[in-house]
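1. Mind folding the following:
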Amino acid sequence: MMFSRACVVGLICATVTLPACRRAATGEVAYNDDIPRPEEPLMRQSPAAGRHGGRFVLGTTVNPKTFNALMANEQSSLDIVKRLNTALVKYDNVTQQFLPELATSWDVAADGVTWTFHLRKGAAFSDGHPITSEDVLFSFQIAYDRILHPAVQDMLQGGGEDFKVSAPDAYTVVINTIKPNSMLLDVLCHDGLFIVPKHVLEPAYRSGNFASAYNVGTPVNQIVTGGPFRLLEYVAGEKTVLGRNPYYYGFDQNNQRLPYLNEVVFLIVPDQDAADLKFRSGELDGLDNIKPENYRWYEENQAKGNFTLHDLGPELSTRFVWFNQNKVQPPLKGETLPAGRKVGETFVDPLKYAWFNNVVFRRAVSMAIDRDAIIRSIYFGEGENNWSDATRNNKAWHIPDLVHYAYNPTESKRLLASLGFKDGNGDGVLEDARGNPISFTLKTNADNTMRVGAANFVKDDLAKVGVRVVLTPVDFNTLVTNFRSDFQYDAILLGLQSGVPPSPANGQNVFRSAGETHLWFARQQKPATPEEARIDQLMDEILVTQDRAEQKREWRELQTIMSEQCWFIHLPIIKIKVPISNRFGNVQPSIMSHRILWNAEMLFVKRRDS
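-> Numbers count the residues shown, from 1 in each chain. Predicted coordinates for the structure are as follows:
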């Protein structure tokens, strides 16, 4: 799982005109493929054989934080690096099947732990350098670095041990998973291990600078990629432009090299109000996460605007509040303690930590929130309650009847009183036994007006039970630094984008106590609670068993613990509808990430008479 940064829009006047001529422009450029065909090309059967040329422009409200595929962990960066990079395996969002990508095939030995992947001969990076088993081994080496701790590290282990990875030759990789692993392919797709170029990035790794390699200031011609696209241009606050990787090894059924498009442009706008206006005026070809209050306008203007509004159903992303329970961990080899900190200290005020670390307090907060009011107002009725890390649209793993702590302000007040909190001075704010007011700051990303709106509901609802919330919207990248690095926050309202495929394996970085995205207390060197230790054990059991019924029983127990502990105080999710220009072929929007561009290499500009 990775951090979801859902785009939002404000109220827009329905009288905006639609100059269809803007959207009708193709921007075609002739394409001559003069790169030799690889020995073992990846043959893709596209729904329709396309043609080369044109660009697809998508609106986004945030700059990427990095172009480093193995270090990216926020959606704004991942949306881009997934288009730039390759993996051993591809997951098809429509058929929901695993397909060959860099690996032409794979075998599993009778022992259930030895997997052999056969790499594609002739595959090359965007600079023409061959992609071989050395690059796969190097990518695993980065993934297992304890100081860098990429999010994928938590997914590439068996029983707490790193997989043993070897390469008998340049085009064979053997992965020993220590224990049988029923979900290895899930974590070798594009939401797992990216294959990065050793010949470019090894010097940065050897010098201890890998984390800052391929940053947003790196000249684009120095960023070498292995996927269908390469980076053409990045202008902070303006745009990120991806262009065709001329060495990409994928071809369609007519032996045309993929991708079809010349460019994919992520147009950065101040907020989703501006993105909405740009789509309506024909300047954008697709828009993800429009606000539900605007759905009706899009439904009524599809023919006029030459676009289709695709109804994808309830989102797979989750939305929730969590409290900061991080403590200073002993430094690993090569690390130093944070300045002025001691091992075991809390990052928040110890008084607040005592509240946040108490499950009764977290349950009381959950029961104070009127989620139905959020759905009626902010979501304009286009939402539903969700109590799980696998939402209703996750057909394989959703659990509909989990224990949860729904709106019940009377019970919330009783729970708070049981902790000894009372309003001693009559100002409407509870105090603890020492007279400290029960108050905390709540951060969310400022450009996301839907999240800010939900945070205001949380603030107002908690005030009704005597808890003061100070709402503090901040820049999204600042927020990422707060919960990943400096831990300077009390509570955060944000969400997680489901992994692809949306299986428990791709959530290990969240559920495991040592996980990089174990948000309330990340990268624990040993489980802080018996409940977290049990979740670690359950994750191991889910991966080892081959029986789906048994996996689901273990998953139910894991999700029950998460729900009972209220580490995530879940908020309602949205029913997703996305508008996409009709002038593109092979459009197959998916509720899984990326909803519009997951098959970007297949998109093409239709002929005007088609």
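2. Moving C-terminal from the helix or strand bottoming out on mean pLDDT in the chain, which element do we reach first?
-> Within the chain, no helix or strand scores below helix 20-24, which has a mean of 46 by mean pLDDT, DSSP states H and E. Sequence-wise, the next helix or strand downstream of helix 20-24 (DSSP states H and E) is strand 42-43.
3. Now do that following strand: distance to the chain's middle.
-> For strand 42-43, the separation from the chain centroid amounts to 27 Å (computed by Cα atoms, centre = their mean, to the nearest Å).
4. Adjacent strands (with direction) for it?
-> Note on strand 42-43: by DSSP bridges, its sheet partners are strand 250-251 (parallel).
5. Show me what the next helix or strand after the partner strand packs onto, helices and strands only.
-> Downstream of strand 250-251, the first helix or strand assigned by DSSP H and E is strand 263-268. If you count contacts as 3 or more Cβ pairs under 8 Å, 6 or more residues apart in numbering; DSSP states H and E, strand 263-268 packs onto strand 55-60, helix 75-84, strand 239-244. C-beta coordinates here come from the backbone N, C-alpha and C atoms, glycine included.
6. contacts for the first one?
-> Right, the one you point to is strand 55-60. Identification of contacts with strand 55-60 by Cβ atoms under 8 Å, 6 or more residues apart in numbering yields 7, 27, 76, 79, 261-269, 272, 274-275, 278-279, 283-288, 584, 596-597, 600, 603.
7. Could you do the second one as well?
-> Applying Cβ under 8 Å, 6+ apart, the set of residues contacting helix 75-84 from outside is 2-5, 60, 62-69, 72, 190-191, 194, 223, 225, 227-231, 240, 242, 264, 266, 476-477, 497, 593-594, 597, 600.
8. angle of that helix against strand 263-268?
-> Taking axes from the mean of the first three to the mean of the last three Cα atoms, to 10 degrees, one finds that helix 75-84 is oriented at 170 degrees with respect to strand 263-268.
9. I'd like the next helix or strand past helix 75-84.
-> Next along from helix 75-84, by DSSP H and E: strand 89-92.
10. Pull the distance from whatever helix or strand comes next after that next one to the chain's centre.
-> Downstream of strand 89-92, the next assigned helix or strand under DSSP H and E is strand 97-100. Distance, stretch centre to chain centre, for strand 97-100: 21 Å (Cα atoms, centre = their mean).
11. Show the average pLDDT along the helix or strand following strand 97-100.
-> As assigned by DSSP H and E, the chain's next helix or strand after strand 97-100 is strand 103-108. Mean pLDDT, computed over strand 103-108, is 97.
12. what helices or strands is strand 103-108 leaning on?
-> Short answer (3+ Cβ pairs under 8 Å, 6+ apart): strand 103-108 packs on strand 114-119.
13. Show me what the helix or strand that the strand it packs on is followed by is packed against.
-> Next helix or strand after strand 114-119 toward the C-terminus (DSSP H and E): helix 133-143. Counting contacts by 3+ Cβ pairs under 8 Å, 6+ apart, helix 133-143 is packed against strand 114-119, strand 164-169, strand 172-176, helix 198-206.
14. Separate out the buried members of the contacts of strand 55-60.
-> 7, 76, 79, 261-269, 272, 274-275, 278-279, 283-288, 584, 596-597, 600, 603 (16 or more other Cβ atoms under 10 Å).
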